[in-house]
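Student: Just the structure for this:
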Amino acid sequence: MAPVISAYKIPACYDGLTSFTATSPIMFTFRFAVLALFAFLAGANANGTCAMCQDTVDIEGVAVYTLANSTVETSGYTLCSYTNTKLGIKVTCEYSSDGAFQDGDELCPSKVGTYSC
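Tutor: Below is the predicted model of the structure:
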């Protein structure tokens, strides 16, 4: 029988190693790592709460800015956009999932309510 000639060369480090069996320690470690990653990602947003934007931003008890848009970002943060149509000024506030102020204008409330999302 003639030898088989192939253009594909197996690197020396893999010589004699054809495949990993389903029960090999390497496959067990790989499967465990993938399972751990999925469990972590599923638990990252397990609390299921989102910040709830207020309808208005009040200054000295007067509603100056009204809610124009609110979005829940993939990071779990809620972005609230307010406008004053008379002055043409916009205010943006960013809140964590527990309703605590994270970033934005100084006029933003320091804490807002939450809801199940």
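Student: C-alpha only now, for contacts and for neighbours.
Tutor: OK.
Student: Low-confidence bits of the protein, can you list those?
Tutor: Low-confidence segments of the chain (pLDDT under 70): 1-47.
Student: Walk me through the domains of it.
Tutor: The chain breaks down by automatic domain parsing into domains covering 19-44, 49-116.
Student: From Val62, how far out is Thr114?
Tutor: From Thr114 over to Val62 the distance is 23 Å, taken as Cα to Cα, to the nearest Å.
Student: Between the two, which is the more surrounded one?
Tutor: Thr114 (17 against 9; other Cα atoms under 10 Å).
Student: Tell me which residues touch the nearest residue to the more buried one once chain neighbours are set aside, please.
Tutor: In space, Thr114 comes closest to Ala51 once its chain neighbours are excluded; the distance is 4.4 Å by Cα to Cα, 6 or more residues apart in numbering. Taking Cα atoms under 8 Å, 6 or more residues apart in numbering, we find Ala51 in contact with 77-78, 95-100, 112-115.
Student: And those residues, which of them are buried?
Tutor: The neighbour count (16 or more other Cα atoms under 10 Å) marks 77-78, 95-100, 112, 114 as buried among the contacts of Ala51.
Student: Let me see the residues that make contact with the longest strand along the chain.
Tutor: When the chain is parsed with DSSP state E, its longest strand is strand 62-72. Residues from elsewhere that reach strand 62-72 (Cα under 8 Å, 6+ apart): 50, 53-58, 78-84, 90-91.
Student: List the buried residues of it.
Tutor: 64-67, 70, 72.
Student: would TSV of those with distance to Leu107 be doable?
Tutor: As requested, those are exported to TSV (distance: Cα to Cα, whole Å):
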residue	distance to Leu107
Val64	10
Tyr65	10
Thr66	13
Leu67	13
Ser70	17
Val72	20
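Student: now, among those, which is nearest to Glu106?
Tutor: Among the buried residues of strand 62-72, Tyr65 lies closest to Glu106 (Cα to Cα), at 13.1 Å.
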